[in-house]
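Enquirer: Build the 3D model from these lines:
(2 chains)
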Amino acid sequence: GNSVTQMEGPVTLSEEAFLTINCTYTATGYPSLFWYVQYPGEGLQLLLKATKADDKGSNKGFEATYRKETTSFHLEKGSVQVSDSAVYFCALRYAGGTSYGKLTFGQGTILTVHP
Amino acid sequence: SQTIHQWPATLVQPVGSPLSLECTVEGTSNPNLYWYRQAAGRGLQLLFYSVGIGQISSEVPQNLSASRPQDRQFILSSKKLLLSDSGFYLCAFQTSGRNEQYFGPGTRLTVT
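Expert: Purely as a prediction, here's the structure:
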């Protein structure tokens, strides 16, 4: 079956540090890949997505590249801010006929950024 | 624009009481709808999904049920709550032809 594995965390960084959150997946075929962000007490927000191999999704300074050869979709940001503190979820959507758009999520990575 | 609403935002209920959580979507027709539960602020568990009015699929056997009485309305229910039903409940929708899901603000349920 489909699965997503992301680094456990928590990740603690100083402001302006470089961020990488690793995400690898297992799926048949060509899934779509997503990063969602959840701020305390809120629902999930779509951060970025990629729908085919070598696509790069980007938003708000975050980016991730769909690497089929390594089955990875690592999230990166060059300079984090305190406001980036949140939980980050990697997810995949298998486009098979009976998937009904269901997403498979990783366990989430807590990011804390200190001033 | 497309929006999704959930209510109530927070709920404290005693064990054995009934439950009804509501989710509505605006700005789109015939969306796929999903209920998730999130425990301890981390992983999401898909509970139910619906691809049309009256069509409900359950992902895990449990104390909860779901209904879709209207195209853009999705309800999560229980006849008798258990302590283990406590958690953060999220509703999400997906529009036709799109890959991504969009989530509501969630309902924090505490069963005492």
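
Enquirer: For stretch B:54-72, buried residues please.
Expert: The neighbour-count check on stretch B:54-72 (16 or more other CB atoms under 10 Å in any protein chain shown) flags B:Ile56, B:Leu64, B:Ala66, B:Ser67, B:Arg68, B:Arg72 as buried. For the C-beta atoms, the positions are set from N, CA and C on the backbone; glycine is no exception.

Enquirer: gap between the two ends of it?
Expert: Distance across stretch B:54-72, first residue to last, is 11 Å (CA to CA, to the nearest Å).

Enquirer: and it, anywhere near chain A?
Expert: Yes: Stretch B:54-72 lies within reach of chain A by CB under 8 Å from any CB of the partner chain, at B:Ser57.

Enquirer: so how far is that stretch from its chain's centroid?
Expert: Distance of stretch B:54-72 from the chain centroid (CA atoms, centre = their mean, to the nearest Å) equals 9 Å.

Enquirer: Likewise for stretch A:7-16?
Expert: On CA atoms, centre = their mean, the centre of stretch A:7-16 falls 14 Å from the chain's centre.

Enquirer: Can you name the residues in contact with that stretch?
Expert: Contacts of stretch A:7-16 from elsewhere in the structure, counted by CB atoms under 8 Å, 6 or more residues apart in numbering or on different chains, are A:19, A:21-23, A:79-82, A:107-115.

Enquirer: so where's chain B shaky on pLDDT?
Expert: B:41-42, B:61 (pLDDT under 70).

Enquirer: Geometric centre of chain B: which residue is closest?
Expert: B:Trp35 (3.3 Å; CA atoms, centre = their mean).

Enquirer: Now do the contacts for that residue.
Expert: Going by CB under 8 Å, 6+ apart, the list of residues near B:Trp35 reads B:Cys23, B:Leu46, B:Leu47, B:Phe48, B:Tyr49, B:Ala66, B:Phe74, B:Leu76, B:Tyr89, B:Leu90, B:Cys91.

Enquirer: make it 6 Å
Expert: By CB atoms under 6 Å, 6 or more residues apart in numbering or on different chains, the contact list for B:Trp35 reads B:Leu47, B:Phe48, B:Ala66, B:Leu76, B:Cys91.

Enquirer: Show me which residues of the host helix or strand of the second one are buried.
Expert: Which is B:Phe48. Here B:Phe48, judged by DSSP states H and E, is contained in strand B:44-52. Applying a neighbour-count criterion of 16+ other CB under 10 Å, one finds B:Leu44, B:Leu46, B:Leu47, B:Phe48, B:Tyr49, B:Ser50 buried in strand B:44-52.
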